[in-house]
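[1] Okay, sequence plus prediction incoming.
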Amino acid sequence: MVSQIVTKDPIRSIYNIHCIQDLKLRERVVEKWVTEISLILQTNPDEFEKAKNVLLLLEHKTDGIVQKFLRNNNWNEDLHGSDLFDNLINVIYTTFLGLDYISNKDFTINKKVDVARVSMTKLQLHDISLLDKYTCMYESYLYDIPQRSEYAQWISAYLMKIPIIGEICTERWKKEATGEIQQTSLSYATKIAKEEIDRICQDRYKQQKLKTISKDCCSILSDFKTLILEENLY
């Protein structure tokens, strides 16, 4: 039975943290549980005004030691449903993770923001053909920053790091991204970058075609000159 619990995917069974001794993994399970319950409460506020209804929901959406903990303790059912839920999150975090929910939440957010800023600063693109991969990584960090007021400066930095076309793209973006939504949209900046890449590709294709035509013309002219010389000899 123990081996069955250990090998079971705990993220799929998000309501049971029994025998998950990795506290980081246990925290991820609890966070997923909190997110799901919060969504249910927010989308059905009238149904869960009463604390009793929230308790019934939590018991239904849990299993194992957390469910036992909820059932075997007395909770203040005079509270508003959402207030009881907030209190229970704090209790569950302290009891099963050894953490203060509010402090841990603030710490986690701040840590994510710091990691995002450092990662975007260090991220480099050396091969323009890897733009999609670069964009994917940059985007995942950008939206870890909660302050939209910072997005424009990071998007400008994103464009400047693109080889060959970075400066052109940045100038276009500054002129064309006139609204706040455009200025804070990485996809809008990426669209400009891809348009510039297409333009370069088309220019190079035209140059190659011109070189081919030039070679063909030179070959024809050379043959024509040779023919004239041969005729003059006779």
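    Looks like it arrived, so ask away.

[2] Okay, and K32 sits in which element?
    Using DSSP states H and E, K32 sits in helix 23-43.

[3] what angle sits between the helix or strand just after that helix and helix 23-43?
    Counting by DSSP H and E, the next helix or strand C-terminal to helix 23-43 is helix 51-60. For helix 51-60 against helix 23-43, the angle by axes from the mean of the first three to the mean of the last three Cα atoms, to 10 degrees is 140 degrees.

[4] Number the residues from 17 up from this point.
    All set: I'll call the first residue 17, so the last point we hit is now helix 67-76.

[5] contacts for helix 67-76?
    Helix 67-76 is contacted from outside by 53, 56-57, 63-64, 83, 86-87, 91-101, 104, using Cβ atoms under 8 Å, 6 or more residues apart in numbering. Just so you know, the C-beta spots here come from the backbone N, C-alpha and C atoms, and that holds for glycine as well.

[6] List the buried residues for the helix or strand just after it?
    Later in the chain than helix 67-76, the nearest helix or strand by DSSP H and E is helix 80-88. Residues of helix 80-88 classed as buried by neighbour count (16 or more other Cβ atoms under 10 Å): 82-83, 86.

[7] and helix 80-88, what other elements does it pack with?
    The contact analysis (3 or more Cβ pairs under 8 Å, 6 or more residues apart in numbering; DSSP states H and E) places helix 80-88 against helix 67-76, helix 97-113.

[8] Next, the buried residues of the shortest one.
    Residues 67, 69-71, 73-74 are the ones in helix 67-76 that count as buried (16+ other Cβ under 10 Å).

[9] Likewise for the last one?
    By neighbour count with 16+ other Cβ under 10 Å, helix 97-113 contains the buried residues 97-98, 100-101, 104-105, 108-109, 112-113.

[10] Identify, from those, the entry nearest to H34.
    Distance to H34 across those (Cβ to Cβ) is lowest for F112, with 9.9 Å.

[11] between the helix holding K48 and helix 97-113, how many degrees?
    With the same axes, to 10 degrees defining the directions, helix 39-59 sits at 170 degrees from helix 97-113.

[12] now helix 39-59 and helix 80-88, what's the angle there?
    50 degrees.

[13] Okay, E196 and S165: tell me how far apart.
    Distance of E196 to S165, given as Cβ to Cβ, to the nearest Å: 10 Å.

[14] Output the helices and strands packed on helix 80-88 in TSV; the columns should cover mean pLDDT and distance to L175.
    Shown next, in TSV, are these (pLDDT from 0 to 100; distance: least, Cβ to Cβ, whole Å):
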stretch	mean pLDDT	distance to L175
helix 67-76	91	47
helix 97-113	88	41
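
[15] Looking at those helices, which is nearest to I213?
    Of all the helices and strands packed on helix 80-88, helix 97-113 sits nearest to I213, with 47.1 Å by Cβ to Cβ.

[16] can you list contacts of that closest one?
    Contacts of helix 97-113 (Cβ under 8 Å, 6+ apart): 33, 39, 42-43, 46, 50, 53-54, 57, 61, 64-67, 69-71, 74, 81-82, 85-86, 91-93, 95, 115-118, 120.

[17] Equivalent analysis for stretch 45-60, please.
    Contacts with stretch 45-60, where a contact means Cβ under 8 Å, 6+ apart, come from 26-27, 30-31, 33, 36, 64, 70, 73-74, 77-78, 97-98, 101, 105, 108-109, 112-113.
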